[in-house]
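Undergrad: Sequence and predicted model, in that order:
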Amino acid sequence: MATSTTAEPVALQYRFFAAQVVAVRTVGTSLVRVTLGGPDLAHFAGGGRDQSVSVFLPHPGQGEPVLPDEAEEDWFTAYRTMDPDVRAVMRSYTIREQRPGASEVDIDFVRHGGTGPATRWAGRTRPGDRVVLLGPAVHDNRSVCFRPPDDTDHVLLVADETALPAVGGILAWLPAGIRVRAFVEVPDPGDIQDLPTDAHAEVRWIVRGGTPAGSSLLADAVRAARLPAGTPYAWIAGESAMVRAVRRHLVTDRGLDRRRVTFSGYWRRGLSEEDVRSEALASAAA
């Protein structure tokens, strides 16, 4: 099942893709699925599974996202120096599904009551609206993190609603017969959805209701679970504190080899994506 990481230089693994909204539909109480299409996406080389992209959205009143010239050697530095009220809104998302023959991709947006610019955009967008994706130019790219070793005999998935699209992509990719235990937290019973797969998958849905997002519900559920013996591979994604707690439990309490645990904090309670990126940049500079 494992795939080797491409030797292509990182800068050549990604490019900008112009796209437009083709369709918008609700897929649950808390999720809006936006289908993006256009000729440029014929070259979008998604790797499936938890393939992530950067999505650039226009501000209200703008006809398209405002970005630096993509030919600039360091476009991101140029982007950061632009007026935040003018430059495109940048957010990270997982591709829920790709249809290469139609040059389309689906991205699911979580509705947070209109509290963030991406949520507000998803609530008002209509077919024809223009966006830009920064995504893969090669199938085997570093933005695919789900990479089970070849000797894996069962998979553990732990995710909140922000990582639900990735869970769907992973389950669609997994081969027939492999055992999967998935723990997925969602805000509302209406967010429970069918996740087609050829794998032998058992999905436990945890509906948090009035419990705040980023609580210990998922970690507690994993701690209480009887997990199968064998040679597992674990993938954990969602709120950062939850991800750390589940990883610590699996490695420290269950003795799982840390090299067989992939983990990713998709968001952090109390911080915007700009805050998280700024912290990461400051840490790298230090």
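TA: Alright, I've got the coordinates.

Undergrad: bridging residues for the residue nearest in space to the middle of the chain?
TA: The residue lying closest to the centre of the chain (C-alpha atoms, centre = their mean) is Thr94, at 3.2 Å. Beta-bridge partners recorded for Thr94 (DSSP bridges): Ser52.

Undergrad: Can you name the residues that contact it?
TA: By C-beta atoms under 8 Å, 6 or more residues apart in numbering, the residues touching Thr94 are 50-53, 107-108, 163, 165-166, 169. Every residue, glycine included, has its C-beta placed from N, CA and C.

Undergrad: from these, which two are the most distant?
TA: Greatest spatial distance among those (C-beta to C-beta): Val53 and Ala163, at 14.5 Å.

Undergrad: When those two are compared, which one has more neighbours?
TA: Neighbours of Val53 and Ala163, each counted by other C-beta atoms under 10 Å, are more numerous for Ala163; the result is 25 against 22.

Undergrad: Backbone dihedrals for the more buried one, please?
TA: Dihedral pair for Ala163: phi -100, psi 0, per degrees, to the nearest 10.

Undergrad: repeat for Gly38
TA: Geometry field for Gly38 lists phi and psi as phi 140, psi 160, criterion degrees, to the nearest 10.

Undergrad: That one contacts Ala18, correct?
TA: Yes. Here Gly38 reaches Ala18: they are 6.1 Å apart, a contact under C-beta atoms under 8 Å.

Undergrad: neighbour-wise, which of those two wins?
TA: Between Gly38 and Ala18, Gly38 has the larger neighbour count (other C-beta under 10 Å), namely 18 against 15.

Undergrad: tell me the secondary structure for the nearest residue to the more buried one once chain neighbours are set aside?
TA: In space, and not counting its chain neighbours, Gly38 is closest to Ala19: 4.6 Å by C-beta to C-beta, 6 or more residues apart in numbering. Put simply, Ala19 is strand when judged by DSSP: H, G, I helix; E, B strand; the rest coil.

Undergrad: any idea how far Ala19 is from Asp129?
TA: Per C-beta to C-beta, to the nearest Å, Ala19 is found 10 Å from Asp129.

Undergrad: Who has more neighbours out of those two?
TA: A count of neighbours by other C-beta under 10 Å puts Ala19 above the other of Ala19 and Asp129, at 27 against 19.

Undergrad: so what's the more buried one up against?
TA: Contact partners of Ala19, counting by C-beta under 8 Å, 6+ apart, are 36-38, 40-41, 105, 130-133.

Undergrad: okay, the residue nearest to the centre of the chain: pLDDT?
TA: Looking at Thr94, its pLDDT reads 97.
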